[in-house]
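A.B. asks: predicted model follows, preceded by the sequence.
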Amino acid sequence: MNLIKHILITLFVLLYYLSNAQSRSQDSLLLEAKTTSNVYEKLRLLNEYCYGFRRTDREKGRSLAEILYQSAIKLNSKESIADYYFLRGTFIFQENQDSSIFFFRKAITRYSRLKIDVIKFSRALNNLASIYQYKSEYDSSLKYSLLANTVLFNHPIPENKTFHYRLAINYKSIADGYCYKSLLDSSILNYERAERYARLCHDTNALALSLQNKANIFNLNEQYIDAAQILLEVIPLHKSLNNFPELVNTYSSTGNYYAFAKMNDLAFTYIDSAMKLASIHEVDRYLPYNYLGLGTIYFNQKLYSKAFENYKKGLDIAREIENYFAEKSLLLGLGEASYELADYPNSIKFFNETLETRDQYREHNMLAYKGLSLVYEKVNDLSNALKYSNLYHTTKDSIYNLKKHLIINQVGQQSKNITNEQTIQKLKEEKDAEYLGRNKEFYQKLIAIAILVLVLIIAYLYFKFYRLKKENEKEALIIQERLRISRDLHDDLGATISSINIYSSTVKQKLHENKIDETEKILDKISEEAQDMVYGMSDMVWTISPHNDTIEKLINRIHNYGTDIMQAKDIQFKLEYDPQVGSLKLSMEQRRNIFLILKEAINNLVKYSNATEAILRAYVVEHKICIELKDFGQGFNMDLLDYKNSGGNGLRNIQQRASEIQAELSIDSGIGVGTSIRILINPTKNGGLIH
């Protein structure tokens, strides 16, 4: 009871502080939070109130969310804790998309378990889709936006303003995903649905977003002035909401559309407004588009050097903030400006970079193909000119088809069009069914379908059996690895602890006999044994960790170990590796044995080589990874060495470890030329074999 009172006092103080801070749209939430006596309901309402700061004052919203989180923890309110993760993801979206994804995923997991608020669950899924869209990961974006709608329709709730608003936002995200994948027919259908539901719920923000994307479809159809005119309706909507990031975006898009229409004065006016507003409100994510617009203006004026400079500024910012869609547009601009400046090598470079970016928007690819065709024609490389001309026309035909022109004529029509389309489709299906019923091929198709279903069932059962087999194999490997770790702990640590125990007993005896010097020597030995045990444990834990499965991490670990012990002998230890090799992966058994082989080799190098320089390399040899340790010391006569049968210097142990992981081990040495140890091994299958 005391805890509840304490939390209520905290929330009442917070409500008093916030009483003069709310916007008109948040009045009702704050009033309801003040009047309710249920502390859980009060906390829920304040979380919703906090969400209202996402556009006006993210810093204040973030601070408020932290205070509410502490109360949620004390009350163990699972819903409010989920709300906190959602708010964290919302407020850090612009600064750190990966962290935002992390928090939204946590919120989604908790909402799915609670099953008490479908609207919140859907909202979190849609916000996650928006982040993936910003990161140009369109498949993931479309997946989560479709899932956001599925959640709403699979859990029936009353059709009210909130429900219609969520549908409007979800359909807008779905349409965005289809648009970026150049599926414009699906995109426009979902934009129409978004606009319909936005008008039903009378939500200014949802309507503004729907109109913005409607303008984008006109832009894709090269109806630039119509697109800009639609955005002129959007500007006052964002102003009324004080939604400055989206206002910057709208100014920027309007300027770009006018620039594409070669109305340079109007274009400059809106882009200048976008840049000034972005500077005041510290909105940098749309800066690349502003520089794209400025570059286009200068390009229209045939000031190609200035166009190039602005495209380059925009590209640098786009890469810095990882805006891949803007990066692709700016690379196209750089390719076209370089072409006009007769800098054909750079033009080819920029067009190729356009095709290689993470964002694979097909319209940009089409324009890059066209640019490459023109450049290669200029440099008389007719083979490449023909190749890219064919790619351009193929891509153009797949994007600009008759469907697109029919779809553009449908913009502005709402549910009536959808109903008509469904009616036409139904009549067509009935006609097809009647035709099939009278056709002799009907039964043949049924048989074919039955065979196909049977094949699919067999394939599914085989897949299940195969997966079960793999899981059993994986479990057997885990058990085997656990036994090995247990054996190592028993052999290595057990022996060391036993030694320390014996030394400890001896210390007691020596102290009793007052033999201080001998006691100190034994204590030094105990310290040395304990330190070796710590190092052994550290190495064991490192090799077990799945985070250390790449070649890069392994050789860095070995290099750090070697550097530490070689410094005492004034040996310079260098590291070289091919970046192509660094990301390849090794199994835990491979990592462990290679680490121990090279650890043994480094110890021998320090003891016997008399070298002043050594080097560790990793590179590719005949589709395998080669890890080589070489010193430039005194070397030895290879004719006197039988390292497979030798018991000295740990060579037999090295050979045995190499055999355990099916690695090829070779040792080369010569008097006065130093010694080289090479290990050849295949990476794991999921690590990516080199072909």
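C.D. replies: Arrived safely.

A.B. asks: can we go C-alpha only for contacts and neighbour counts from here?
C.D. replies: Will do.

A.B. asks: tell me where the stretch 551-691 of the chain has helices.
C.D. replies: With DSSP state H, counting those that start in this stretch as the criterion, the stretch 551-691 of the chain has helices at 551-566, 579-582, 588-608, 651-660.

A.B. asks: list the contacts of the closest residue to Ile602 other than its chain neighbours.
C.D. replies: Nearest residue to Ile602 in three dimensions, chain neighbours excluded: Gly562, at 6.4 Å (CA to CA, 6 or more residues apart in numbering). Gly562 sits next to Phe573, Lys599, Ile602 when contact means CA atoms under 8 Å, 6 or more residues apart in numbering.

A.B. asks: which helix or strand in this structure has the lowest average pLDDT?
C.D. replies: None of the helices or strands of the chain scores lower by mean pLDDT, DSSP states H and E than helix 402-408, at a mean of 41.

A.B. asks: quick revisit: from Asp98, how far out is the residue nearest to Ile602?
C.D. replies: Counting by CA to CA, to the nearest Å, the separation of Gly562 from Asp98 is 35 Å.

A.B. asks: check Ile447 too.
C.D. replies: 50 Å.

A.B. asks: cool, and Glu48?
C.D. replies: Distance of Glu48 to Asp98, computed by CA to CA: 24 Å.

A.B. asks: same check on Val673?
C.D. replies: Distance from Val673 to Asp98, counting by CA to CA: 51 Å.

A.B. asks: next one: Ile671
C.D. replies: Computed as CA to CA, the Ile671 to Asp98 distance reads 55 Å.

A.B. asks: next one: Lys464
C.D. replies: From Lys464 to Asp98 the distance is 34 Å (CA to CA).

A.B. asks: same check on Tyr376?
C.D. replies: Shown here: Tyr376 relative to Asp98, a distance of 40 Å by CA to CA.

A.B. asks: so those two - more neighbours on which side?
C.D. replies: Applying other CA atoms under 10 Å to Tyr376 and Asp98 shows that Tyr376 carries more neighbours, namely 22 against 14.

A.B. asks: residues in contact with the more buried one?
C.D. replies: Tyr376 touches Leu382, Asn384, Ala385, counting by CA under 8 Å, 6+ apart.

A.B. asks: since we're on the first one, how many residues are nearby?
C.D. replies: Using other CA under 10 Å, the number of residues around Leu382 comes to 14.

A.B. asks: pLDDT value on it, please?
C.D. replies: pLDDT for Leu382: 87.

A.B. asks: what sits closest to it if chain neighbours are left out?
C.D. replies: Once flanking residues are discounted, Leu382 sits nearest to Tyr376: 6.6 Å by CA to CA, 6+ apart.

A.B. asks: beyond whatever helix or strand that neighbour lives in, next helix or strand please.
C.D. replies: Per DSSP states H and E, Tyr376 falls inside helix 362-378. Scanning forward in sequence from helix 362-378 by DSSP H and E, the next helix or strand is helix 382-399.

A.B. asks: identify each buried residue in that next one, please.
C.D. replies: Neighbour-count burial for helix 382-399 flags Asn384, Ala385, Leu386, Tyr388, Ser389, Leu391, Tyr392, Thr395, Lys396, Ile399 (criterion: 16 or more other CA atoms under 10 Å).

A.B. asks: how about a markdown table for these, with distance to Thr162 added?
C.D. replies: Formatted as a markdown table, the buried residues of helix 382-399 follow (distance: CA to CA, whole Å):
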| residue | distance to Thr162 |
| --- | --- |
| Asn384 | 55 |
| Ala385 | 55 |
| Leu386 | 55 |
| Tyr388 | 50 |
| Ser389 | 50 |
| Leu391 | 47 |
| Tyr392 | 45 |
| Thr395 | 41 |
| Lys396 | 41 |
| Ile399 | 36 |
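
A.B. asks: closest to Asn154 out of the residues you listed?
C.D. replies: Nearest to Asn154 among the buried residues of helix 382-399 is Ile399, at 33.7 Å by CA to CA.

A.B. asks: where do the domain boundaries of the protein fall?
C.D. replies: Here the domain parsing of the chain from automatic domain parsing is 1-108, 117-210, 284-396, 429-544, 548-687.

A.B. asks: rank the ones you listed by pLDDT, which is bottom?
C.D. replies: Here these differ in mean pLDDT, and the lowest is domain 429-544 at a mean of 67.

A.B. asks: picking up where we left off before, so which of the contacts of Gly562 wins on neighbours?
C.D. replies: Going by other CA under 10 Å, Ile602 tops these with 23 neighbours.

A.B. asks: mind checking how far that residue is from Asn514?
C.D. replies: As judged by CA to CA, Ile602 and Asn514 stand 41 Å apart.

A.B. asks: likewise for His238?
C.D. replies: The gap separating His238 from Asn514 is 87 Å, by CA to CA.

A.B. asks: looking at these two, which is more packed in?
C.D. replies: Between His238 and Asn514, counting by other CA under 10 Å, His238 is the more crowded of the two (20 against 11).

A.B. asks: what helix or strand is the nearest residue to Leu511 once chain neighbours are set aside located in?
C.D. replies: Counting by CA to CA, 6+ apart, Thr519 is the residue found nearest to Leu511 once chain neighbours are left out, at 6.7 Å. Here Thr519 sits within helix 516-544, counting by DSSP H and E.

A.B. asks: now, among the buried residues of helix 382-399, which is nearest to Leu277?
C.D. replies: Leu277 has its nearest neighbour among the buried residues of helix 382-399 in Ile399, at 35.6 Å by CA to CA.

A.B. asks: and the pLDDT at that closest one?
C.D. replies: pLDDT recorded at Ile399 is 63.

A.B. asks: next, count neighbours for Met275.
C.D. replies: Met275 has 21 neighbours, counted by other CA under 10 Å.

A.B. asks: span of stretch 272-291 from start to end?
C.D. replies: Stretch 272-291 has an end-to-end distance of 10 Å (CA to CA).

A.B. asks: and it, what's buried?
C.D. replies: Within stretch 272-291, the residues that count as buried by 16+ other CA under 10 Å are 272-275, 277-278, 283-291.

A.B. asks: and stretch 105-112, by the same measure?
C.D. replies: Applying a neighbour-count criterion of 16+ other CA under 10 Å, one finds Arg105, Lys106, Ala107, Ile108, Arg110, Tyr111 buried in stretch 105-112.

A.B. asks: thanks a lot, see you next time.
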